[in-house]
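[1] Coordinates only, no sequence provided:
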């Protein structure tokens, strides 16, 4: 039994946690099956191969990404003949899991990201205040980014969102690589978390203050020797090292450990069948009102679909349910959404947007106050969006319409719900989590 796994199953890959986890599962299953074979409960060889990127394979990356992969990891897309040779070698070996890498000589190849998270043993003597460091850092970072963007420095304004300069996902990679060459390992989501030059400057002032002092010439350094992190190279990458942290974290100067804090619910909103808000919902609860009704005529023709006999093909034995009012009432321009896009959005996403807006209002916040940054560091507040989503069936209307000759593709991606909130209402959201859940009926 042979499973084709990926290098991501060993080293992980930011942005592909589901893909990496699935490959890790295959690797673990190979070891499980081999243990069963050794105990006489399975037969035949088991091998899991952690493949790199194939040059002639179905997945491709840009030339710029290839250069980055070689510079930072010593890896290159693998030719087919090399892959076949490696496969035959692994088949004839006695191992259960093997990683295949193609690139520089083994002595130069790094299986994990370079130890670019530089830890400085420097003793910096300085009395520079935050204002002076901010001004110097702004000049330094503006020059760095403007050069990469090939634009005059004076046009890169501190509080103008990067997206207004036409910075797309390709440019984000280039800018991130440029900054990593100077500061070492950085979060992959850097330009999604810090949307302006001012916010980016605030991040580096907190996370890389010592290095910024040196780069801007504001520090007097006694000793400035980078302490390289030890990177273990192994003939058998199957023997996994301890899981490394994928994202760099901001180290706080305070020596106090994090303490648990109380959680306060300060804003709430909701929409329910026959209740447009929490007040109406509460009144329904007080009087014991049954909000289950027959299917409204503006939803679908229930009589046409109904048959009292359960299991009749193309029919439903129920014509009752809980239905919300005015699910088609939505102001797209208020949420900076085009009317065309709004028509194709999953109603769950529209309702979620409206309800979150009402929740923020109920808490006494505005959109600007949520997006405001720390007055001292300029770093945006860390806010999480958690969405519990059950159904993803709205896309089925697209299949139905295509059968009629109408080529439309309704949106029905659950993760878009949380992302939409983070983009429009918060913009500087640090993290979001989608929780698929099963709700009681």
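    Perfect, thanks for sending it. Since we're looking at a predicted model, the values are computed, not measured.
[2] Next, the buried residues of stretch 388-408.
    The neighbour-count check on stretch 388-408 (16 or more other CB atoms under 10 Å) flags 389, 394, 397-398 as buried. C-beta here means a position set from N, CA and C on the backbone, and glycine is covered the same way.
[3] quick check: domain ranges of this protein?
    Split into domains by automatic domain parsing, the chain comes to 2-62+74-99, 119-227, 324-436.
[4] Can you convert the buried residues of stretch 388-408 into TSV and add a column each for distance to residue 194?
    Below are those laid out as TSV (distance: CB to CB, whole Å):
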residue	distance to residue 194
389	28
394	33
397	38
398	36
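[5] Out of those residues, which two sit at the greatest distance?
    Pairwise distances across these peak at 18.4 Å for 389 and 398 (criterion: CB to CB).
[6] and stretch 31-50, average pLDDT?
    pLDDT averaged over stretch 31-50 equals 89, rounded to a whole number.
[7] show me the contacts for the closest residue to residue 289 other than its chain neighbours.
    Nearest non-adjacent residue to residue 289, counting by CB to CB, 6 or more residues apart in numbering: residue 274, 7.3 Å away. Contact analysis of residue 274 by CB atoms under 8 Å, 6 or more residues apart in numbering lists 280, 284, 289, 291, 293, 322-323, 325.
[8] Quick check: strands, which of those residues are part of them?
    Taking DSSP state E, the ones among these that sit in strands are 293, 322.
[9] between the contacts of residue 274, which is closest to residue 9?
    Residue 9 has its nearest neighbour among these in residue 322, at 43.5 Å by CB to CB.
[10] Bridged to that closest one, which residues?
    Note on residue 322: beta-bridge partners residue 292, judged by DSSP bridges.
[11] Start the count at 592 instead of 1 going forward.
    Taking 592 as the first residue, the last one we looked at is residue 913.
[12] List the residues that contact it.
    Contacts of residue 913 (CB under 8 Å, 6+ apart): 863-865, 882-884.
[13] will you turn these into CSV that also has distance to residue 601 and pLDDT?
    Formatted as CSV, the contacts of residue 913 follow (distance: CB to CB, whole Å; pLDDT from 0 to 100):
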residue, distance to residue 601, pLDDT
863, 47, 94
864, 49, 94
865, 54, 92
882, 52, 94
883, 52, 93
884, 55, 92
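[14] quick one on the thing from earlier: redo the domains of the chain as a markdown table? Include distance to residue 903.
    Listed next are those as a markdown table, based on distance: least, CB to CB, whole Å:
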| stretch | distance to residue 903 |
| --- | --- |
| domain 593-653+665-690 | 39 |
| domain 710-818 | 49 |
| domain 915-1027 | 20 |
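[15] Just the buried ones from the contacts of residue 865?
    Buried residues within the contacts of residue 865, defined by neighbour count using 16+ other CB under 10 Å: 871, 875, 914.
[16] nearest to residue 628, of these?
    Among the buried ones among the contacts of residue 865, and counting by CB to CB, the member closest to residue 628 is residue 914, at 56.1 Å.
[17] if I look at that closest one, how far off is residue 689?
    56 Å (CB to CB, to the nearest Å).
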